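[1] kindly return the folded structure for what I paste below:
(one chain, ligands or ions: 2)
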Amino acid sequence: MLHTHRVAVLGGGSFGTVIANLIATNGHPVCLWLRNEQRVEAINRDHENAEYLPGYSLDPHLCATTSLEQAAAGIDILFMAVPSASFREVARAVASLVSPGTLLVSLTKGVEAPGFYLMSEILEQELPDNPRAVLSGPNLAGEIAAGNIAGAVVASRSEEINGTLHDLLHGERFLVYGSPDMYGVELGGALKNVYAILAGLGAALDFGENTTGLLLTRALSEMSRFAVQCGANPMTFLGLAGVGDLFVTCSSPLSRNYRIGQAIGRGQPLAEVLAGMDQVAEGINTLELLKAQAEVRGVHMPLVNGLYDILHHSRPVSDLFNDMMSREQAQDVEFVAA
Ligand SMILES: NC(=O)C1=CN([C@@H]2O[C@H](COP(=O)(O)OP(=O)(O)OC[C@H]3O[C@@H](n4cnc5c(N)ncnc54)[C@H](OP(=O)(O)O)[C@@H]3O)[C@@H](O)[C@H]2O)C=CC1
Ligand SMILES: O=C(CO)COP(=O)(O)O
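    Ligands and ions are numbered 1, 2, ... in the order given. You can find the predicted model right below:
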């Protein structure tokens, strides 16, 4: 028999909406919190979030509100789907409205600037008494909305929490796997955005398949090396939140980060590309923070440094490969080597 949860999703952009709708379709009442009154009215009237997912029908179990109090009332699971730049502000606003037993789940794939905090760490700081989890993986919102089969990984320190989230989200077209490595899963989702920009750039410049394969594999090594230094399990990067998400975002024009790379590769200035974006692309911000954090931690990240120089110092793309084989990185798969 279905155990019914009461759920709120904070952030009514493309991913918040699609995850809220998956849960509603599974029979759980879901409240989607947005800050735009007209959009809330339109969602409740038309069962469609026309700005972010036009043509995608929303289940009647899903209602929208601009009231955080109403969204949080009586819930046992809360999903956070606002961009990382707004994450702490929203977490702080909801902190006094949820009970200590409410499970908090981050869907956000980004990093907070001062401190290099991941979203689960912000949740720990702002709502220390609540259990936490994250969801990540190759999950382009538009494809899930189109009904294509997708898989995600939920990660927390408790098998019971992972099981609860599996039962809440799993369906015929959305497969849910579990992991105990919350930090690694979350880091994988945030870091791959940076390499998606690089892949988009390579696509625009017609790098060719060999070069693309090289870049993707070295990107995996580089992000895993960094994550291992931060305490993540290297094996996590062979899973959905690592290889899975890296592959998808590094090969699809549906990825906003990939599209930024493509535009830059076609010669558009970064400032102009960013000014034209109407949805969040976390990778540009993450690139800067990652470069600084890698320097602090002494992790060799030639692709991150190379991309940063291309974007911010107008270095030619051909320079990207200059520093790739220096020091101990001449070994393949060095991040799991004993
Ligand atoms: N889209 C995707 O395919 C996937 C996205 N993600 C991650 O999910 C997170 C959210 O992305 P996504 O849904 O795509 O982003 P979108 O750009 O589609 O939407 C962002 C949403 O957040 C809202 N928002 C922004 N700031 C605030 C704030 N201060 N208070 C309240 N609401 C706010 C926006 O509101 P408004 O409309 O009023 O501006 C909008 O509804 C990102 O970290 C992204 O990396 C993860 C997996 C897949
Ligand atoms: O994380 C994503 C797919 O898994 C979405 O990527 P973008 O934010 O680049 O669109």
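[2] domains of the protein?
    For the chain, the structural domains run 7-180, 184-327, going by the TED database.
[3] okay, now the nearest residue to Ser221 once chain neighbours are set aside: neighbour count?
    Of all residues not flanking Ser221 in the chain, Phe335 sits nearest, at 5.6 Å (C-beta to C-beta, 6 or more residues apart in numbering). Where C-beta positions appear, they are placed from N, C-alpha and C, glycine not excepted. Phe335 sits with 18 neighbouring residues when counted by other C-beta atoms under 10 Å.
[4] assign a three-state SS to Phe335, would you?
    coil (DSSP: H, G, I helix; E, B strand; the rest coil).
[5] what about it, distance to Gly163?
    Phe335 sits 30 Å away from Gly163, going by C-beta to C-beta, to the nearest Å.
[6] and Met223, by the same measure?
    Distance from Met223 to Gly163, by C-beta to C-beta: 28 Å.
[7] give me the more crowded residue out of these two.
    A count of neighbours by other C-beta under 10 Å puts Met223 above the other of Met223 and Gly163, at 26 against 14.
[8] what about the more buried one, which helix or strand?
    Here Met223, judged by DSSP states H and E, is contained in helix 209-230.
[9] and the helix or strand following that helix, what's buried?
    Next helix or strand after helix 209-230 toward the C-terminus (DSSP H and E): helix 245-249. Residues Asp245, Leu246, Val248, Thr249 are the ones in helix 245-249 that count as buried (16 or more other C-beta atoms under 10 Å).
[10] does the third one really touch Ser255, like I thought?
    Which is Val248. Yes - Val248 is in contact with Ser255 according to C-beta atoms under 8 Å; the separation is 7.2 Å.
[11] name the residues contacting each of these two.
    Common neighbours of Val248 and Ser255, using C-beta atoms under 8 Å, 6 or more residues apart in numbering, are Leu140.
[12] tell me, how many residues neighbour the closest residue to ligand 1 within the chain?
    For the chain, the residue closest to ligand 1 is Gly13, as judged by C-beta to the nearest ligand atom, at 1.7 Å. Neighbours of Gly13 under the rule other C-beta under 10 Å: 18.
[13] contacting residues for it?
    Going by C-beta under 8 Å, 6+ apart, Gly13 touches Tyr52, Ala81, Val82, Pro83, Gln279, Val280.
[14] out of those, which are inside strands?
    Members of the contacts of Gly13 lying in strands (criterion: DSSP state E): none.
[15] could I have the buried ones of those as PyMOL selection syntax?
    PyMOL command restricting these to the buried ones, with burial defined by 16+ other C-beta under 10 Å:
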select buried, resi 52+81+82+83+280
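[16] the strands in the chain, which residues?
    Applying DSSP E to the chain gives strands spanning 7-10, 30-33, 62-65, 77-80, 103-106, 111-112, 117-118, 132-136, 150-155, 174-179.
[17] what does the stretch 51-200 of the chain have sitting close to ligand 2?
    Lys109, Pro138, Asn139, Leu140, Asn193, Ala196 (C-beta under 6 Å from any ligand atom).
[18] neighbour-wise, which of those residues leads?
    Neighbour tally across these (other C-beta under 10 Å): the maximum, 30 neighbours, falls on Lys109.
[19] my guess is that residue contacts Leu187. True?
    No - taking C-beta under 8 Å as the definition, Lys109 is not a contact partner of Leu187, at 9.6 Å.
[20] pLDDT of the helix holding Met223, averaged?
    What helix 209-230 shows for mean pLDDT is 95.
[21] swap in stretch 174-191?
    Rounded mean pLDDT across stretch 174-191 is 98.
[22] could you give me the buried positions within it?
    The neighbour-count check on stretch 174-191 (16+ other C-beta under 10 Å) flags 174-179, 181-191 as buried.
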